[in-house]
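Enquirer: Model the structure of this input:
(one chain, ligands or ions: 1)
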Amino acid sequence: MATTIDAEVADDAACAPRPWHAQAPAEVCAALETGIDGLDRAEARRRLHVWGANQLPAAARIHPLARFLAQFNNALIYFLLAAAAAAAVLGHLVDGVVIVIVVLINAIVGFIQEGKAEQALDSIRDMIAPHAVVVRDGERHIIDAREIVPGDVVAVEAGDKVPADIRLLRARGLSADEAVLTGESVPADKREDAVAEKAPLGDRFSMLHSGTLVTTGQGFGIAVATGARTEIGRISSLIGNVQTLVTPLLAQINDFGRRFTWYVSGAAVALLVFAMLFRGYGWVDALMVVVALSVGVVPEGLPAVITITLAIGVRRMAARNAVVRRLPAVETLGATSVICSDKTGTLTKNEMTACRVITARSVSMISGSGYAPEGAATAPGGAAAPPDDVRDQLVRAALLCNDARLVERDGRWSVLGDPMEGALVALAAKAGLHPEAERETWPRIDELPFDAQHRFMATLHDDPRGGRRIFVKGAPERVLAMCAEQAEAGATGPVDPASWQRCIDLAAAEGERVLGFAVKVVGAETERLTFETTETGLTFLGIVGFIDPPREEAIAAVAQCRAAGIAVKMITGDHAGTAVAIARQLAIADAPKAMQGAELDAVGDDDLQRVVDGVSVFSRTTPEHKLRIVRALQANGHIVAMTGDGVNDAPALKQADVGIAMGRKGTEAAKEAAQMVLLDDNFASIVAAVHEGRTVYDNIRKVIGWTLPTNGGEALCIVVAIILGLALPMTPVQILWINMILTVTLGLVLAFEPAEPNVMGRPPRKRRAPILSRLLVWRIVLVSVLFMLGVFGIFHYALATGQSEATARTMVVNTLVVMETFYLFNIRYLHMTSFSLVGAMGTPAVLGAVAAVIVAQLAFTYAPFMHGMFGSAPVAFADGLLIVAIGFLTMVVLELEKIIMRRMAPATAAAA
Ligand code: ATP
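Expert: Here you go, the predicted structure:
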């Protein structure tokens, strides 16, 4: 048996009598030896073995050697290598070798760091691999989309990315965006009927194609082609979504580096000419000095360190359930000033319990918690609830107009499907209905699936007593608007919207989510549900209130946001009363102000921009409202993070500065549009990501703030010495040594810095705040000057105390390295003093780097082979102490400066 299907599927349409889209569903099932109950597990496993995983071949990775060589593809490196060759030819062999070593070390560090960054991104990519719903052995399962095989029955709904080429067996309101395949931007409607054999791809209405997006409706069908054999597989055989490691900031820094190299080259030539013409340098010596100076001043290692800082941020965020899909989000998150969040499941637990049922006849409170079918109805006073046939009808409608299932595992009940629908199944069980038996007695004929736009769901059932019934559930005001009558004791009467509205407001004010229910009796001839038949002439049954408590961690996270100057706005499809009650419980604002979707429609964009800052809760919103809210906030200068889960949320997610999709309940469409995916759908994870984002940005500023004066100090010394005609305090090869030793040690550690304690205690940084704030530039200048003073001070002290030039220069090199080490401790805390126990202790990375520096400097100073290579000489112990004292003094001066700056301009210092 296997050989026939395998052979048939192998060649797909070519070998089959007719292509799949032209075959009737029964023929497709027969050809693939499958049916409505799907494959059994053993057969699915066997087919997976035969056909392989349902994925496109991955794009070939760049070979490591090519990646290593790419490190040298940089104007500065060419320049340095040319200089090394020139030095060697001119007899300065040691200098030439040292330059080559510096270049090599830089390339190795860059290569390793880039590799680590890519690994970090690779490992998180799997965390958001797509899943699909398949029917196997007659039951629905959620599986990794890569495990789909030909013959699998696959279910799809709005927002899904189609996981394979599927011949539809059932389509309800189904349409798909097939632009990736056909270029057609208008979604194509889908149906079950076979189409002409020669129909072009865009007209194959009976097929869903892998890689396209379901825009509306629901459906299921048979997977007929997987992996590279799908239509998309034929067009593009590679997955091109490998992340690039470039962010706007990194691009800015690369650009800065390129321009800087040109300036340095210009200045270097001027200095060369000056040294030769006015200071009597021989051209070879002048060239060596200038080359060393250029090596010293250009921050060639900076982009690599920043890349690793970003990658570390991505890893830390993933550990806190926030998976970054696009690297720029890491930077932007840190500047976020408003977080717009969904309510259900993000701020609340999305663990629903139906707690109240109201009909025209009675009010019943329902006991029990979770999804366990244990509990009973009582009257509000606590007495047993009186019998109410309308309530019984309502509960049946709630069970049948429902796609959820409850399962018990180890005594714990959980829900498969929508939690609110799960709560309704539990309600029905508490009322004594048996879900499976009811579904068999009242078979479902058709349905209109729930969508956020229409805010209701309807199902059509055979009535065991004859005829058919439509059951509707949805947002109560929406359902009320569809009803002419309401069910009363054994009869119907005109619907009383005002009294229902009072009941709804009452339940909503308690923070309950409210749903309305209705019924319509139709003839047995009704086969399909349409909006026309469903939207009028219904009989209102009543409402159900659900509790969905706020997440405890969300309450803490909201408080953190407020302390961090980040506004939180709840944007929900729910009722205003419910939303405001939950907003109060979360303490989103002191007195949360609400705005309804309808009010939003009534105001223009300018007016919205004026009021948007003052509103904390947007209720009964649609995805279009979300887009307008993001735009209005952005127009007010905010950096906006926005959550979303539905297919229609994509535009708002794209517009937001950080679009955040829900990993669990989010659609593939939302995930694709988002920059970040929350694995646990939890608001607290967004705030954790903001915390990490702020830390990353701080660390980048620390890396820059440490690197630039290090280079600046060295350069200043050489330039001043040449211009003033003084003896050079360091030889070119010594400058190269300092550079090499610092690049591989201290230069890396700031990327690993943990967050400063007050990271969420200050306002967000401004949208256009330059990375080199005025305060940071000032500090770079100050530190460069301090370094220069230290260098010349120790050099002249050494010469004045009769030490050799070699010893004096060795002391200079040591002084510079020691000052830089102390400066590292100073810059580890941008926003507070470093004179603290934690400040002095450092992290393992810092301590390891300092230990490496000490060993290297001891070798430089005392190892004879170093003396030969670098012209160094031993330094007396007392002088060593003096050098350390100078380093310490530098730190004291810089800490004083921190205090003065904070006193003078606390806000600027904080924002810096
Ligand atoms: P949030 O946007 O915060 O997630 P939400 O879940 O209330 O809130 P939607 O999913 O857009 O937002 O739902 C809007 C309204 O539609 C709900 O308040 C409810 O009244 C109704 N509704 C939600 N789910 C269903 C469903 N499965 N069947 C019928 N009506 C529903």
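Enquirer: CA only for contacts and neighbour counts going forward, please
Expert: Noted.
Enquirer: what helix or strand is Met891 on?
Expert: helix 877-904 (DSSP states H and E).
Enquirer: In terms of secondary structure, what does that helix contact?
Expert: Applying 3 or more Cα pairs under 8 Å, 6 or more residues apart in numbering; DSSP states H and E, one finds that helix 877-904 makes contact with helix 774-800, helix 805-827, helix 906-911.
Enquirer: looking at these, which has the lowest confidence?
Expert: Among the helices and strands packed on helix 877-904, helix 906-911 has the lowest mean pLDDT, at a mean of 48.
Enquirer: Need the phi and psi values for the residue nearest the centre of the chain.
Expert: For the chain, the residue sitting closest to the mean C-alpha position, by Cα atoms, centre = their mean, is Met676 at 1.7 Å. Phi and psi for Met676, reported as degrees, to the nearest 10, are phi -140, psi 150.
Enquirer: need the contact list for it.
Expert: The neighbourhood of Met676, defined by Cα atoms under 8 Å, 6 or more residues apart in numbering, consists of 322-326, 329, 658-661.
Enquirer: tell me the domain boundaries of the chain?
Expert: 2-58+132-162+165-225, 75-104+245-320+689-911, 340-348+552-678, 353-547 (automatic domain parsing).
Enquirer: Quick one: closest of those to Glu118.
Expert: Judged by Cα to Cα, the one of these that comes nearest to Glu118 is domain 75-104+245-320+689-911, at 7.8 Å.
Enquirer: Can you get me a residue count around the residue of the stretch 651-800 of the chain found nearest the ligand?
Expert: Sorted by distance to the ligand under Cα to the nearest ligand atom, the residues of the stretch 651-800 of the chain start with Lys665, at 9.5 Å. Look at Lys665: counted by other Cα atoms under 10 Å, it has 17 neighbours.
Enquirer: ditto for Gln55
Expert: 21.
Enquirer: Contacts only, for the closest residue to the residue of the stretch 651-800 of the chain closest to the ligand other than its chain neighbours.
Expert: Nearest in space to Lys665, with sequence neighbours left out and distances taken as Cα to Cα, 6 or more residues apart in numbering, is Asp645 at 6.5 Å. Contacts for Asp645 were tallied using Cα under 8 Å, 6+ apart; they are 661-662, 665-667, 670-671.
Enquirer: cool, and Thr695?
Expert: Taking Cα under 8 Å, 6+ apart, we find Thr695 in contact with 313, 334, 754-756, 759.
Enquirer: Mind telling me what element it is part of?
Expert: Per DSSP H and E: helix 683-724 holds Thr695.
Enquirer: Quick one: distance of that helix to the chain centre.
Expert: Centroid separation for helix 683-724 versus its chain: 25 Å, with Cα atoms, centre = their mean, to the nearest Å.
Enquirer: touching the ligand at all, it?
Expert: No: using Cα under 6 Å from any ligand atom, we find that helix 683-724 stays clear of the ligand, coming within 11.7 Å at best.
Enquirer: Give the next helix or strand downstream of that helix.
Expert: Heading C-terminal from helix 683-724 (DSSP H and E), you reach helix 732-744.
Enquirer: what's the average pLDDT for that following helix?
Expert: Helix 732-744 carries an average pLDDT of 80.
Enquirer: separation between the residue lying closest to Asp165 once chain neighbours are set aside and Glu599?
Expert: Of all residues not flanking Asp165 in the chain, His209 sits nearest, at 4.4 Å (Cα to Cα, 6+ apart). Distance from His209 to Glu599, counting by Cα to Cα, to the nearest Å: 40 Å.
Enquirer: who's more crowded, those two?
Expert: Ranked by neighbour count (other Cα under 10 Å), His209 and Glu599 place His209 first, with 29 against 12.
Enquirer: In the stretch 201-350 of the chain, which residue sits closest to the ligand?
Expert: Counting by Cα to the nearest ligand atom, the stretch 201-350 of the chain gets nearest to the ligand through Lys343 (3.3 Å).
Enquirer: Now for that residue: which residues touch it?
Expert: Applying Cα under 8 Å, 6+ apart, the residues contacting Lys343 are 570-572, 579.
Enquirer: cutoff 6 Å now
Expert: By Cα atoms under 6 Å, 6 or more residues apart in numbering, the contact list for Lys343 reads Thr572.
Enquirer: now Thr536
Expert: Met482.
Enquirer: can you rerun that using 8 Å?
Expert: By Cα under 8 Å, 6+ apart, the residues touching Thr536 are 482-484.
Enquirer: Just give me the closest of the residues you listed to the ligand.
Expert: Nearest member of those to the ligand, counting by Cα to the nearest ligand atom, is Met482, at 13.7 Å.
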